[in-house]
Each structure stands twice: as C-alpha cells, then as structure tokens.
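Asks: 3D, please:
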Amino acid sequence: MGNTGRILIVDDEPNARLVFRTTLQSDGYAVFEAEDGEAALGFLNASPFDLVLLDLKMPGIGGMETLRRLRHAGHDVPVVIVTAHGSIPDAVQAMKYGAIDFLSKPLTPAALRKVVGDVVRRHAEGGAAPEPEPVPIPPAPSAVVTVGPPIVDLTPAKRALNRRQFAEAESLLEQAIDLAPNSAEAQTLMGVLRESLGQDHAAYHAYRAALRADPHYGPAHDNLRRYCDRFGLDFHNRSINPAAG
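Replies: Residues are numbered from 1 along each chain as shown. Next up, the predicted model:
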C-alpha cells in the first residue's frame with residue numbers, strides 16, 4: 001500500500017489487463033491500459049510513465065517490436081516483458097532494448113507486486129537504497145561462526161542494464177561475481193549480456209555456472225535451453241547442462 005507511480009499495461013487480453021489493473025490499483029499505483037502496441041506508443045508520446053508491463057505476443061505490433069519502437073522514439077521508461085507460460089523470451093534481444101525483467105502468465109498477484117515494486121524502486125530518484133551499517137558482533141572465545149555465501153546487491157547493475165549502459169553493467173556484474181561467484185542471478189545476467197555482445201562461449205559458461213550454483217534457477221534454465229536451441233546442442237546432456245538428469 002502507499003505506492004505511487006504511473007504504470008502502463010499493454011496487453012490484448014482484457015482479462016489479463018483486468019487482473020493487472022486491480023492488483024496494482026489496490027497498491028496505490030495509477031494504472032493505464034493499452035490493447036496494442038500502437039495505443040501504447042500513443043500513451044507514451046502523450047505523458048511519462050514509471051513502468052510499462054508489455055505482453056510479448058500480441059496481434060499486429062508484437063511486444064518486441066513495440067519495445068524497439070518506443071526505444072527508437074527516445075522513451076527510456078523501464079519495461080517488464082510478459083510472456084505466456086512455457087515460452088522462452090528472446091532475452092538477448094530484450095536486453096539490447098533495456099528489458100531484463102520478465103513475468104510469465106498466468107501469474108499471481110504476489111509475483112506481479114514483487115516485480116513491479118522491485119523495478120519501480122530500482123529507478124526511483126536516488127537509486128538504490130544505502131547499504132545498511134554493519135552490526136558489531138562482540139568477541140566470543142571458542143565460538144564457531146558459520147559463514148554463508150555473500151549476498152550481493154544487483155540493483156546498480158540491473159539499473160545500468162535497463163538504461164542500456166552496458167559497459168557499466170558489465171563492470172558491476174564482474175564485481176558482483178568476484179564477490180559471489182555462486183550467485184545464479186548475477187551469472188545469468190552476465191550470460192545474457194555476454195551473448196548480446198557476441199561473446200557466445202563466455203555466455204555459455206556463465207549459464208552453466210548459474211545452474212551449478214542453483215540447478216532450479218528458472219532464468220538460467222530458460223536461457224541455456226534457448227542457447228542450446230540456437231547452436232544445436234543437446235540441452236538434456238549433463239556434460240552441456242549441469243542441471244540435466
């Protein structure tokens with residue numbers, strides 16, 4: 001509750017727009033609807049928005065073409081791509097246009113709220129929240145301390161990717177992976193970025209590293225499967241996909 005911001009829903013399915021609208025309006029967002037890409041571009045040319053929820057599959061101008069046109073028109077609004085369940089979005093093409101966040105239909109209100117909230121906060125004025133101050137721990141002789149994997153904040157890297165500042169994003173992701181090489185999310189983002197830069201072999205190894213870190217991480221799974229389809233590799237071969245079998 002208490003959220004502010006203008007969100008544009010672009011989807012040719014009235015029921016999908018209804019679910020999105022009621023969920024987001026209940027959280028305080030101002031929500032607008034467009035039934036196709038042409039209508040969406042009209043909205044964007046008329047007034048600014050804080051976020052666009054863009055369906056990938058629409059008659060006429062599809063989601064990716066709509067994304068291309070709005071970027072070429074100079075709109076830098078953050079975009080979340082909405083896909084059908086089981087479909088694999090062209091993550092490389094989407095990243096080139098600054099879209100790195102995806103939602104799969106059907107989706108729950110909780111999933112919608114989380115992604116929308118994350119993206120809106122990411123681009124709020126002032127950027128990422130400041131890092132919390134470390135909490136001092138008093139010395140404890142003979143105590144056994146279990147050190148877990150480091151937690152990295154990928155917000156600056158994601159914001160750079162949304163803004164298509166790819167050199168900065170690459171540097172930030174490299175720093176994140178140096179700190180937390182087992183971050184499946186960081187490795188996957190790096191894989192898509194490498195692929196978009198034409199560094200296919202490096203992308204492949206990043207996807208593999210992501211799945212070694214978390215065999216159940218969906219974006220890594222989908223991107224490696226798309227990569228295998230692209231190069232004729234056997235996705236179900238464990239020597240290629242560490243999460244296979």
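Asks: Can you read off the pLDDT for the residue most central in space within the chain?
Replies: The centroid of the chain falls nearest to residue 101 when counting by Cα atoms, centre = their mean (2.3 Å). Residue 101 carries a pLDDT value of 96.
Asks: Could you give the bridge partners of it?
Replies: Per DSSP bridges, the residues bridged to residue 101 are residue 80.
Asks: Verify the stated contact: it with residue 115.
Replies: Yes: Residue 101 is within contact range of residue 115, at 5.8 Å (criterion: Cβ atoms under 8 Å). To be clear about C-beta, it is placed using only N, CA and C from the backbone, and glycine gets the same treatment.
Asks: my read is residue 31 is in a helix, agree?
Replies: No: judged by DSSP: H, G, I helix; E, B strand; the rest coil, residue 31 forms no part of a helix; its state is strand.
Asks: what sits against residue 10?
Replies: Residues near residue 10 by Cβ atoms under 8 Å, 6 or more residues apart in numbering: 34, 36, 37, 39, 40, 52, 53, 54, 55, 58, 63, 66.
Asks: Kindly recompute the last result at 6 Å.
Replies: Residues counted as contacts of residue 10 (Cβ atoms under 6 Å, 6 or more residues apart in numbering) are 34, 40, 54.
Asks: What of residue 215?
Replies: For residue 215, the contact set (Cβ under 6 Å, 6+ apart) comprises residue 243.
Asks: okay, it: pLDDT?
Replies: So residue 215 comes in at 97 (pLDDT).
Asks: just residue 163 next, same as before
Replies: 95.
Asks: try residue 151
Replies: Residue 151 is assigned 77 on the pLDDT scale.
Asks: So what does the residue lying closest to residue 38 once chain neighbours are set aside look like in phi/psi?
Replies: Nearest in space to residue 38, with sequence neighbours left out and distances taken as Cβ to Cβ, 6 or more residues apart in numbering, is residue 61 at 6.2 Å. Main-chain torsions, residue 61, degrees, to the nearest 10: phi -80, psi 110.
Asks: these two touch, right, residue 61 and residue 39?
Replies: No: using Cβ atoms under 6 Å, residue 61 makes no contact with residue 39, being 9.7 Å away.
Asks: Residue 77 reaches residue 49, doesn't it?
Replies: Yes: Residue 77 is within contact range of residue 49, at 5.2 Å (criterion: Cβ under 6 Å).
Asks: that older thread, so for residue 101 and residue 115, which residues contact both of them?
Replies: Residues within reach of residue 101 and of residue 115 at once, by Cβ under 6 Å, 6+ apart, are residue 80.
Asks: Just give the closest residue to residue 4, not the sequence neighbours.
Replies: In space, and not counting its chain neighbours, residue 4 is closest to residue 28: 6.4 Å by Cβ to Cβ, 6+ apart.
Asks: what about the one you found, neighbour count?
Replies: For residue 28, the count of nearby residues is 11 (other Cβ atoms under 10 Å).
Asks: ditto for residue 7
Replies: 25.
Asks: Check the spacing between it and residue 47 real quick.
Replies: Plainly put, residue 7 is 12 Å away from residue 47 if you go by Cβ to Cβ, to the nearest Å.
Asks: and if you look at residue 189?
Replies: On the measure of Cβ to Cβ, residue 189 and residue 47 end up 31 Å apart.
Asks: The two: which is more packed in?
Replies: Between residue 189 and residue 47, counted using other Cβ under 10 Å, the more crowded position is residue 189 (29 against 9).
Asks: And for the more buried one, nearest residue in space, chain neighbours not counted?
Replies: Closest to residue 189 by Cβ to Cβ, 6+ apart is residue 173, at 5.9 Å.
Asks: List the contacts of that neighbour.
Replies: With contact taken as Cβ under 6 Å, 6+ apart, residue 173 is in contact with 157, 186, 189, 190.
Asks: Of the residues you listed, which is the most crowded?
Replies: Among these, residue 189 has the most neighbours (other Cβ under 10 Å), with 29 neighbours.
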